[in-house]
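Sequence and predicted structure are below.
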Amino acid sequence: MDFNTEPVLKVDHVTVFQGVDPILSDVSFSIEQHEFVFLIGKTGSGKSSLLKTLYADLALKAGEVEISGFHLKSIKTKEVPFLRRKLGIIFQDFQLFNDRTVAENLAFVMKATGWKDKVKIKERMAEVLLQVGLHNASSKMPHQLSGGEQQRVVIARALLNEPSILLADEPTGNLDPDVADGIFKLFQEINKKGTAILMATHNHELLRKYPYRVLKCENGKLLDSQTHDVSFGSSW
Ligand SMILES: Nc1ncnc2c1ncn2[C@@H]1O[C@H](COP(=O)(O)OP(=O)(O)OP(=O)(O)O)[C@@H](O)[C@H]1O
């Protein structure tokens, strides 16, 4: 049981840049452990750029971010893999190795993140596959799985190192509505078990159905439904 009550993510007066262009300015918010937060905004408004800044794919040039105990202002390149081990990062396009089985895909990440004991690797792999409802899939190739199943493998991969927060960039964007619903429910289960989730989405249906906190990129700023009246209208 984790009794630490510090937020998993603290963003303080950050400007998000693409090259020299500021995309979002004066961004400040925190995410507590166990929170589920939607990230919305029109296409090109800065959702992916914000997420990339949080997993140190875009350099933090102004402001401070503390995520899973790492200070991004002072993080060194060689520390970035350690940061990413503490984050679960999930994209819309599945990014599995298509020439490797599910087990090999998972093992690749585990070896790259320091797992050595073969028994423990096997055990953890079985646990995460069970958690995402794919306990029989370890010897399958990605092309033998449906889109929804492939996304479940990606989620299993993100869970391997027990991240304190999942950063998901439109994880249901390419899926049929029914399949997307199943994936969303999986995120909810993961969240109920204690992992914070920040999920970028264009899915109006989800916002109407689930009254989670919303962060909205709009006109170069980030609005927070905790402190602003954020509209979820059709304009995004
Ligand atoms: N690699 C890049 N190099 C330069 N500019 C970029 C790059 N990626 C994105 N941008 C610009 O940054 C701005 C924000 O884009 P971003 O991808 O963060 O938006 P988004 O809200 O995630 O959009 P979408 O909903 O379409 O995914 C846009 O003006 C975009 O053109």
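Perfect, thanks for sending it.

Now do the helices for the protein: every range, in order, please.
47-54, 80-85, 102-112, 118-131, 147-159, 177-192, 204-209 (DSSP state H).

Tabulate those (JSON lines), appending mean neighbour count, mean pLDDT and distance to residue 225.
Where you see a C-beta, it was placed from the backbone N, CA and C, and this is true even at glycine. What follows is these, written out as JSON lines (neighbours: other Cβ atoms under 10 Å; pLDDT from 0 to 100; distance: least, Cβ to Cβ, whole Å):
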{"stretch": "helix 47-54", "mean neighbour count": "23", "mean pLDDT": "97", "distance to residue 225": "15"}
{"stretch": "helix 80-85", "mean neighbour count": "16", "mean pLDDT": "88", "distance to residue 225": "27"}
{"stretch": "helix 102-112", "mean neighbour count": "18", "mean pLDDT": "94", "distance to residue 225": "34"}
{"stretch": "helix 118-131", "mean neighbour count": "15", "mean pLDDT": "95", "distance to residue 225": "29"}
{"stretch": "helix 147-159", "mean neighbour count": "23", "mean pLDDT": "93", "distance to residue 225": "25"}
{"stretch": "helix 177-192", "mean neighbour count": "16", "mean pLDDT": "92", "distance to residue 225": "17"}
{"stretch": "helix 204-209", "mean neighbour count": "14", "mean pLDDT": "88", "distance to residue 225": "10"}
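
surely residue 54 meets residue 8?
No - with contacts counted by Cβ atoms under 8 Å, residue 54 stays clear of residue 8, the gap being 10.7 Å.

What residues does the nearest residue to residue 166 once chain neighbours are set aside make contact with?
Leaving out its chain neighbours, the residue that sits closest to residue 166 by Cβ to Cβ, 6 or more residues apart in numbering is residue 88, at 4.0 Å. Residue 88 is in contact with 155, 158-159, 161, 163, 165-167, 195, counting by Cβ atoms under 8 Å, 6 or more residues apart in numbering.
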